[in-house]
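Enquirer: give me coordinates for this.
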Amino acid sequence: MSLDGIYDPDNIFAKILAGDIPCAKVYEDDQVLSFMDVFPQTRGHTLVIPKASSRNLLDTDPALLANVIQKTQIIASAVRKAFEPDGIVITQFNGTAAGQTVFHLHFHILPRFTGSNVAPHASGQMADMNELNQQAAKIQAALKQ
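Expert: Numbering: from 1, shown residues only. Now for the predicted structure:
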């Protein structure tokens, strides 16, 4: 699949946006949704996506992109307050060769803890939804501070 592919309205994030698949929601407004990654690489692994159909960073309207990255910054700050990591990695993939597995623009917020390993991207075991909802609640509380 190339970078210039067509947006697939049946991708997993489009289904989450449509309410067809549940998520552990962290934040939502009229343009952005943030939720916990169900295959977390670290404790507190959070995703931020635009609600608009957007395949990757390279095909996204700049105004929409500016809003999504601003919300990513705000949510990353809340993740930092909620989990007190030693660092935070923010990643975004464009195309299969770059590691993109869901073809809807999204940013990963990964809290990093010294001495703790990061699970591989898009692999591993699905996390417990109760645990993800608890983590989402911690971030929501930090957003209100």
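
Enquirer: name the element the residue nearest in space to the middle of the chain belongs to?
Expert: The centroid of the chain falls nearest to residue 47 when counting by CA atoms, centre = their mean (1.0 Å). Using DSSP states H and E, residue 47 sits within strand 46-50.

Enquirer: check which residues of that strand are buried.
Expert: The neighbour-count criterion (16 or more other CB atoms under 10 Å) identifies 46-50 as the buried residues of strand 46-50. Where you see a C-beta, it was placed from the backbone N, CA and C, and this is true even at glycine.

Enquirer: same question for stretch 31-45.
Expert: For stretch 31-45, the neighbour count (16+ other CB under 10 Å) marks 32-38, 40-42, 44-45 as buried.

Enquirer: returning to what we had before: could you check the pLDDT of the residue nearest to the centre of the chain?
Expert: Predicted confidence (pLDDT) for residue 47: 98.

Enquirer: quick one: residues contacting it.
Expert: Residue 47 makes contact with 34-37, 106-109 under the criterion CB atoms under 8 Å, 6 or more residues apart in numbering.
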